[in-house]
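Novice: What shape does this take:
(one chain, ligands or ions: 1)
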Amino acid sequence: MIYIWLHRCPVLDKRGMLTRRAVLTTVQRTLLTYSSRCLASSTKPVGAPTMSAAAPRKVNLALCQLLTSADKEKNIATATAAIKEAASHGAELVVLPEMWNCPYSNDSFPTYAEDIDGGTSQSVAALAAAARQNRVVLVGGSIPEKREGHLYNTCCVFSKQGQLLAKHRKVHLFDIDIPGKVTFKESETLTSGQSITVVDTEAGRLGIGICYDIRFPELAMLYAKRGAQCIVYPGAFNMTTGPVHWELLQRARAVDNQLFVATCSPARNPESSYQAWGHSTAVGPFAEVLATTDHQPGIVYTQLEYAQLDERRTNMPLTQQKRSDLYELLDKTQQ
Ligand SMILES: NC(=O)CC(=O)C(=O)O
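Specialist: Coordinates of the predicted model:
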């Protein structure tokens, strides 16, 4: 290997001989490449399952910031049209917003709720068909789910064949009260999910959270530990918390865990009782904003280069530098 590199080295002296500096640089570079490869493979999160050889290196991502209304049929039509448009622009991983099939309100959740496990969900059937027809991995935002007398805020993930790969029920319910600004209590109607979700897809290993879930760093840490390459959060922040926290939280989750974060919000609807902040965004593992938007309906496109995960983790091997003798993250779901 060193022999081949020396022959390719362009740094020659007047007689056409390799300079001593060029030889040293080449040897140094070879050793560096070798050691960084060793480091990269040893910085894999502990306990992370091995990705298959077919795992993608680059994924074209589309975040569909949809304008939702009180008309469910219209919302479904808007969503399926957006998925088609995203696919026609080369998207392989398409994300929809939180509660895209109904208005974001406690009054609406019971009336718009669908039985996913019972196989009668009109919204899920439409998403499965759209994923299959457009050959995209689809993180289908969330819809209100009804099951055995409970309502959940649920995200479904589909393969390119339209197969339901995973279902994540919002784990942390959005109960906040900032007087005069925003008061919302999802727990008045919804029940929280009892499990966390990491799913292998043709667009990489994804961790799934819904909106308020992004505020809990331990969840993202568990996802990183399980080898998630990107955490996807369909979400609908509001006009009080959105401007201050939305981007901050995404960048924090990304930089702490050295992975990609993608969020997808509904567009702001002036007629709605809940004004969504919008600003669907993708963030890279160095906390860099890769793509974002304002509050209008639209699709945000970017590419996730998964090789950057190895690069960043080699640059700063945080997983190895952790002081596990002083603190530890306890995964209670694997006991
Ligand atoms: N809507 C949410 O779940 C969360 C939110 O708006 C916030 O955390 O702020």
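
Novice: what does the stretch 201-335 of the chain have sitting close to the ligand?
Specialist: 211-212, 215, 236-238, 241 (Cβ under 6 Å from any ligand atom). All C-beta spots, glycine's among them, are computed from the backbone N, C-alpha and C.

Novice: quick one: which of those residues has the most company?
Specialist: Within these, neighbour counts (other Cβ atoms under 10 Å) peak at residue 236, which reaches 28 neighbours.

Novice: Could you give the secondary structure assignment for that one?
Specialist: coil (DSSP: H, G, I helix; E, B strand; the rest coil).

Novice: ok, now residue 75?
Specialist: Here residue 75 is recorded as helix under three-state DSSP.

Novice: I'd say it and residue 81 touch.
Specialist: No: contact between residue 75 and residue 81 fails when scored by Cβ atoms under 8 Å: they sit 10.8 Å apart.

Novice: Looking at the two, which one has more neighbours?
Specialist: Per other Cβ under 10 Å, whichever of residue 75 and residue 81 has more neighbours is residue 75, with 24 against 13.

Novice: where's the closest residue to the more buried one other than its chain neighbours relative to residue 57, distance?
Specialist: Leaving out its chain neighbours, the residue that sits closest to residue 75 by Cβ to Cβ, 6 or more residues apart in numbering is residue 101, at 4.7 Å. As judged by Cβ to Cβ, to the nearest Å, residue 101 and residue 57 stand 34 Å apart.

Novice: Which one's more surrounded, those two?
Specialist: Shown here are residue 101 and residue 57; by other Cβ under 10 Å, residue 101 has more neighbours (32 against 9).

Novice: where do the helices sit along the protein?
Specialist: Ranges of helices within the chain are 2-8, 20-42, 72-88, 108-112, 122-134, 217-225, 247-257, 307-315, 318-321, based on DSSP state H.

Novice: among the ones you listed, which gets the worst mean confidence?
Specialist: The minimum mean pLDDT among the helices of the chain belongs to helix 2-8 (a mean of 30).

Novice: and the gap between the spatially most central residue of the chain and the ligand?
Specialist: Nearest to the geometric centre of the chain sits residue 232, at 2.0 Å (Cα atoms, centre = their mean). Distance from residue 232 to the ligand, counting by Cβ to the nearest ligand atom, to the nearest Å: 15 Å.
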